[in-house]
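A.B. asks: Sequence and predicted structure are below.
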Amino acid sequence: MDESILVQIRIFFYAIFYGGLLIALYDGWRFFWCCWRKRGKKNQVTDMIYWSLAGIALFLFVEWENEGNIRGYLFLGWFLGMLCYWKVLRRLIKRLWNRMAGRLKKIRKAVKIAIERR
């Protein structure tokens, strides 16, 4: 196989991984803000900040990996990565984060009780 085709295939698989990573980070971002009870306008602003940073990261990905050449298979790879994460890994990750959230709530409650006793 021609080496340029192998490079493009490698970049496609990087795009799949990168798409899954972006949506996983978004899930983590939402978990972080849900733990601190930010709602309404603050939630919208934080989402805008995240997706702006994700857009910059995608631009840098295209710049570094493909010398700025935007190809359709990059968008397909990002979409497939996000879809794979959403359909396959999200349930498992969400269960783990729910357990962590429960533990964080217990810790926060214990600290609050300890502070009130002083």
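C.D. replies: Yes, it's here. Numbers count the residues shown, from 1 in each chain.
A.B. asks: Show me which helix runs longest in this protein.
C.D. replies: For the chain, the longest helix by residue count, based on DSSP state H, is helix 3-35.
A.B. asks: which helices and strands does that helix pack with?
C.D. replies: helix 41-66, helix 72-84, helix 90-117 (3 or more Cβ pairs under 8 Å, 6 or more residues apart in numbering; DSSP states H and E). C-beta here means a position set from N, CA and C on the backbone, and glycine is covered the same way.
A.B. asks: Give me the mean pLDDT for that helix.
C.D. replies: Per-residue pLDDT over helix 3-35 has a mean of 85.
A.B. asks: Tell me how far that helix lies from the chain's centre.
C.D. replies: Chain-centre distance of helix 3-35: 8 Å, with Cα atoms, centre = their mean, to the nearest Å.
A.B. asks: Quick check: buried residues in that helix?
C.D. replies: 8, 11-12, 14-16, 18-24, 26-27, 29, 31, 33 (16 or more other Cβ atoms under 10 Å).
A.B. asks: what residues are up against the most centrally placed residue in the chain?
C.D. replies: By Cα atoms, centre = their mean, the chain has its centre lying nearest to Leu25, at 2.0 Å. For Leu25, the contact set (Cβ atoms under 8 Å, 6 or more residues apart in numbering) comprises Tyr50, Ala54.
A.B. asks: Now do it against Leu53, distance only.
C.D. replies: 9 Å (Cβ to Cβ, to the nearest Å).
A.B. asks: what's the answer for Trp78, then?
C.D. replies: Taking Cβ to Cβ as the measure, Trp78 falls 15 Å from Leu53.
A.B. asks: Ok, Gly28 next?
C.D. replies: For Gly28 relative to Leu53 (Cβ to Cβ), the value is 13 Å.
A.B. asks: next one: Leu89
C.D. replies: In this view, Leu89 and Leu53 are 22 Å apart by Cβ to Cβ.
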